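>>> take a look and give me a structure for this.
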Amino acid sequence: MKISPPIQRFWLLLILIGTLVALTAHGSAAAELPKRIVSLAPNITEILFAIGVQDRVVGVSSFCDYPQEAKMKPRVGGMSNPSLEAVVALQPDLVIFSIDGNPKAFEERLRSMKIPTFTLRAKRIRELSEGIRQVGAVAGASSRAEKLSKELEQKIALIEQRQVAAATQRKRSRLKVLFIIWPEPLIVAGPGSIADDALKMLGAQNIAGTTRSAYPKYSIEEILRRDPDVIFIGKGTGMDRVSEGLLRRLGNVSAIRTSRVFYVSDHLYRLGPRTIQGVEELARYLTP
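Take a look at the predicted model:
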């Protein structure tokens, strides 16, 4: 059947319009993909590297030290006092904040300058996978973020299953645990800290879990009174030497008398891809 010229022109016009719409949509998506990202927190930097967008990270906070390659990125100041001049000089098209440690006023200042921002609000281990998905979405790496999130969720589920089984076998009161962040002055993990969250997941009782801050100062007398069954000490340069005096003063507590004092990694110091490894590490020491 022969098609008249007006109808031919009509169909050609529709095809042209469709092509232009597709090109416009593609161009908008490409334009929205952030190419210059600044991270203002160590856990965010770890997430960005883990989801494969490290080449688009143009600046990090002075506390971003993992992975090793993150140390090579330009520094823009601390978490609580980032430099506005340093951030703006990097010409970012996305600045990512953490709800825990970054100043809200700084984010508002960037927004007033039309610089896009995003705040990661996850603070608990069970919120981590969804937080990674959100970072992946704004950073243009949803697929990699989804894969990482599912891996973490599977590990959390396995940890919880093992905890239920261990609790059934144990048939006794929960282990009393103290997590020492720094021995002199004595700083411990309190409520709201990731270490406290991990201990709850593992069915242990954090003896500092009723204090008023996430990382409170603690007293020798309180440790002696509460008598922890296990003591964890965060690893650090010379930490074993620094903690010697403290452990001598705690010689009568159950953890020391039964040789259940363990130096552990810093994986529970920030909420990121390595956090689950930190939980698994504690689980190995707490499981009979």
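
>>> OK, contacts around residue 36?
In this structure, residue 36 makes contact with 56, 58, 90-94, judged by Cβ atoms under 8 Å, 6 or more residues apart in numbering. (C-beta placed from N, C-alpha, C; glycine too.)

>>> pLDDT score assigned to it?
In this model, residue 36 is scored at 97, pLDDT.

>>> check the gap between it and residue 149 for me.
25 Å (Cβ to Cβ, to the nearest Å).

>>> also residue 103?
Taken as Cβ to Cβ, the span from residue 103 to residue 149 is 28 Å.

>>> equivalent analysis for residue 142, please.
Note on residue 142: its distance to residue 149, by Cβ to Cβ, is 10 Å.

>>> common neighbours of those two, please.
133, 136.

>>> if we can go back for a sec, closest one of the contacts of residue 36 to residue 42?
Distance to residue 42, by Cβ to Cβ, is smallest for residue 58 among these, at 16.5 Å.

>>> and the closest one, what does it touch?
Residue 58 touches 36-38, 73-74, 90, 92, counting by Cβ under 8 Å, 6+ apart.

>>> tell me, which strand in the protein spans the most residues?
Using DSSP state E, we find that the single longest strand of the chain is strand 176-182.

>>> give me the buried positions along stretch 182-200.
182-183, 186-200 (16 or more other Cβ atoms under 10 Å).

>>> what's the answer for stretch 235-253, then?
243, 246-247, 250, 253.

>>> looking at residue 142 and residue 149, which is more packed in?
Neighbours of residue 142 and residue 149, each counted by other Cβ atoms under 10 Å, are more numerous for residue 149; the result is 21 against 15.

>>> residue 54 versus the more buried one, what's the distance?
With Cβ to Cβ as the criterion, residue 149 and residue 54 are 18 Å apart.

>>> got the CA positions of the strand or helix carrying residue 233 in PDB?
Element membership for residue 233 (DSSP states H and E) is strand 230-234. Extracted in PDB, the C-alpha atoms of strand 230-234 (Å, rounded to 0.1, in the frame of the first residue of the first chain):
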ATOM      1  CA  VAL A 230      35.300  -9.800  78.600                       C
ATOM      2  CA  ILE A 231      37.300  -6.700  77.900                       C
ATOM      3  CA  PHE A 232      37.900  -5.500  74.300                       C
ATOM      4  CA  ILE A 233      40.600  -2.800  73.600                       C
ATOM      5  CA  GLY A 234      40.700  -1.100  70.300                       C
END
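
>>> can you list the helices and strands that it packs against?
Strand 230-234 sits against strand 176-182, helix 254-257, strand 261-264, helix 275-286, with contacts defined as 3 or more Cβ pairs under 8 Å, 6 or more residues apart in numbering; DSSP states H and E.

>>> need the residues that contact the following helix or strand past that strand.
Using DSSP H and E, the helix or strand that follows strand 230-234 in sequence is helix 239-242. Contact with helix 239-242 is made by 182-184, 233, 263, as judged by Cβ under 8 Å, 6+ apart.

>>> determine which two of these are furthest apart.
Based on Cβ to Cβ, the longest span within these runs between 184 and 263 and measures 15.6 Å.

>>> pretty sure residue 254 contacts residue 228?
Yes - counting by Cβ atoms under 8 Å, residue 228 is a contact partner of residue 254 at 6.8 Å.

>>> quick one: common contacting residues for those two?
With Cβ under 8 Å, 6+ apart as the test, residue 254 and residue 228 both reach residue 176.

>>> so these two - more neighbours on which side?
Using other Cβ under 10 Å as the criterion, residue 254 and residue 228 rank with residue 228 on top: 25 against 14.

>>> partners of residue 119 in the sheet?
Beta-bridge partners for residue 119, by DSSP bridges, are residue 97.
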